[in-house]
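Novice: model this:
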Amino acid sequence: MAKRPDAKSQFLREQGTLNPRPQLVSDELFRDSEFFDPRDLVLVKYEMLRRVRLEEMDVTEAAATFGFSRPSFYQAQSLFQHGGLVGLIPKRPGPHHAHKLSVEILDFLRQQQLFNEQLRSPQLSQLVLEKFGLSVHPRSIERALQRGKKNGR
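Specialist: Numbers count the residues shown, from 1 in each chain. This is a model prediction of the structure:
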């Protein structure tokens, strides 16, 4: 029977900060401490950066001790320098908005709907492909048009 994740693991997973490889963290502080939890990705990265900066630990050694590669160390260092602790929180991958659906394309879609109210998102997707040469998923079109209605456009 599979072991159920505890509340902290579940919370870290929901926040996107669950360390996918906690078993690779070999630092002594993270062995038997309630505070230093190897599952907490932000805490592990911060402590790795702190060790190099304040205790002058070698970058290669720090990266290995905390379960990262050297390039991952430098990436974390850059994120921390630019964004502080918040910079270490992983960002959601992928686009964060309808990047293909420009104002021009949305105006075109609205005009098409005004002209023919029977058009649905699959047909609108096909029209966008024919006119603009862009393949846009029908659901993306639905969401973009719904956002426009909510914003009063």
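
Novice: Contact partners for L127?
Specialist: Contact criterion Cβ atoms under 8 Å, 6 or more residues apart in numbering gives 108-109, 112, 119 as the residues in contact with L127. Every residue, glycine included, has its C-beta placed from N, CA and C.

Novice: quick one, what contacts the residue nearest to E142 when sequence neighbours are not counted?
Specialist: Using Cβ to Cβ, 6 or more residues apart in numbering and skipping residues adjacent in sequence, the residue nearest E142 is S121, 4.8 Å away. For S121, the contacting residues are 138-139, 141-142, by Cβ under 8 Å, 6+ apart.

Novice: how close does S121 get to L79?
Specialist: Applying Cβ to Cβ, to the nearest Å, one obtains 38 Å for the distance of S121 from L79.

Novice: if we can go back for a sec, quick one, which of the contacts of L127 are buried?
Specialist: Using 16 or more other Cβ atoms under 10 Å as the burial test, these include 108-109, 112 as buried.

Novice: okay, those residues in JSON lines with secondary structure and distance to F132 next?
Specialist: As requested, the buried ones among the contacts of L127 are exported to JSON lines (DSSP: H, G, I helix; E, B strand; the rest coil; distance: Cβ to Cβ, whole Å):
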{"residue": "F108", "secondary structure": "helix", "distance to F132": "8"}
{"residue": "L109", "secondary structure": "helix", "distance to F132": "10"}
{"residue": "Q112", "secondary structure": "helix", "distance to F132": "12"}
